[in-house]
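>>> Okay, here's the prediction I keep looking at, along with the sequence it came from:
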Amino acid sequence: MKTIEVDGIKVRIQIWDTAGQERYQTITKQYYRRAQGIFLVYDISSERSYQHIMKWVSDVDEYAPEGVQKILIGNKADEEQKRQVGREQGQQLAKEYGMDFYETSACTNLNIKESFTRLTELVLQAHRKELDGLRTRASNELALAELEEEEGKPEGPANSSKACWC
Ligand SMILES: Nc1nc2c(ncn2[C@@H]2O[C@H](COP(=O)(O)OP(=O)(O)OP(=O)(O)O)[C@@H](O)[C@H]2O)c(=O)[nH]1
C-alpha cells in the first residue's frame, strides 16, 4: 500500500509485484483480474525481456479487465553501459500499443514517482465517468431525502396560520 497525491487528491494504491517466471504464471494471471493499472516492465540491458513484452501484453489483454490502464517501463536505466534496448525501441513499442512509456531506475529512483503518478492519473481518468455518475446519483438521492424530510415535517407556524383562513 502506498499513498500518492494526484491533482490534490490523496490516492491509496495497492501494488502487486508479480513474478516474471513462467512457472508462476497461473498465480500471476489471478492478479490481472483485479488490476486497474499495469506496468509492463522490461530490462533495458536485456533484449530478451523486451521481446517478452508482446507476450505480457497478450496475457493482459486476455486476463485483465477491459479498460485496464497500461504503461510500458524500461527499467535499469542506470545500466547504460549494458544497454541492449534503445530508448526509441521502447518508445516505438509503447506507441504501437497506445501506452505511455518511461525509462526508470529502481536504483537511482529515476522516473519512479513520475510513472506511478501517471498510472494513477490514468486509472482515475478512466473511472472519472463512473465517479461523476456516482456523485450525481448520491447528490440526487440526498436532495430527494431532504425533500421527503421536508414533506414529512409537522406543520410549522406558516402552515398553521394558513389553516386558520379556511
Ligand atoms: N542496476 C539496476 N538493478 C536493478 C534495478 N531494478 C532491479 N534491479 C536488480 O535486478 C535484480 C532483479 O530484481 P527483481 O526486483 O527481483 O526483478 P523482478 O522482475 O521482480 O524479478 P521476478 O520477480 O523474478 O520477475 C535484482 O538484483 C535487483 O537488485 C535497477 O533499476 N537498476
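Structure received. Numbering: from 1, shown residues only.
>>> got the residues of the protein near the ligand?
17, 19, 20, 21, 75, 76, 78, 79, 105, 106, 107 (Cβ under 6 Å from any ligand atom). All C-beta atoms are positioned from the backbone trio N, CA, C, and that covers glycine.
>>> With adjacent residues omitted, what lies nearest to the second one?
Think residue 19. residue 28 (6.1 Å; Cβ to Cβ, 6 or more residues apart in numbering).
>>> Nearest residue to the middle of this protein?
Taking Cα atoms, centre = their mean, the centroid of the chain lies closest to residue 123, which sits 2.8 Å from it.
>>> wait, that one sits on residue 36?
Yes - with contact defined as Cβ atoms under 8 Å, residue 123 and residue 36 form a contacting pair (4.7 Å).
>>> so what sits against both of these two?
In terms of Cβ atoms under 8 Å, 6 or more residues apart in numbering, residue 123 and residue 36 are both contacted by the residues residue 69.
>>> low-scoring stretches of the protein, by residue?
Applying pLDDT under 70 to the chain picks out residues 131, 134-135, 144, 147, 152-166.
>>> gap between the residue in the chain positioned nearest to the ligand and residue 27?
Per Cβ to the nearest ligand atom, the residue of the chain with the smallest distance to the ligand is residue 20, at 2.8 Å. Counting by Cβ to Cβ, to the nearest Å, the separation of residue 20 from residue 27 is 12 Å.
>>> In terms of neighbours, single out the busier of those two.
Neighbours per residue, other Cβ atoms under 10 Å: of residue 20 and residue 27, the larger number sits with residue 20, 14 against 10.
>>> Packing partners of the longest helix along the chain?
Longest helix in the chain by number of residues, with DSSP state H as the criterion: helix 112-151. Here helix 112-151 touches strand 2-6, strand 9-13, strand 37-43, strand 69-75, strand 100-103, going by 3 or more Cβ pairs under 8 Å, 6 or more residues apart in numbering; DSSP states H and E.
>>> Would you mark the buried spots in that helix?
For helix 112-151, the neighbour count (16 or more other Cβ atoms under 10 Å) marks 115, 116, 117, 118, 119, 120, 121, 122, 123, 124 as buried.
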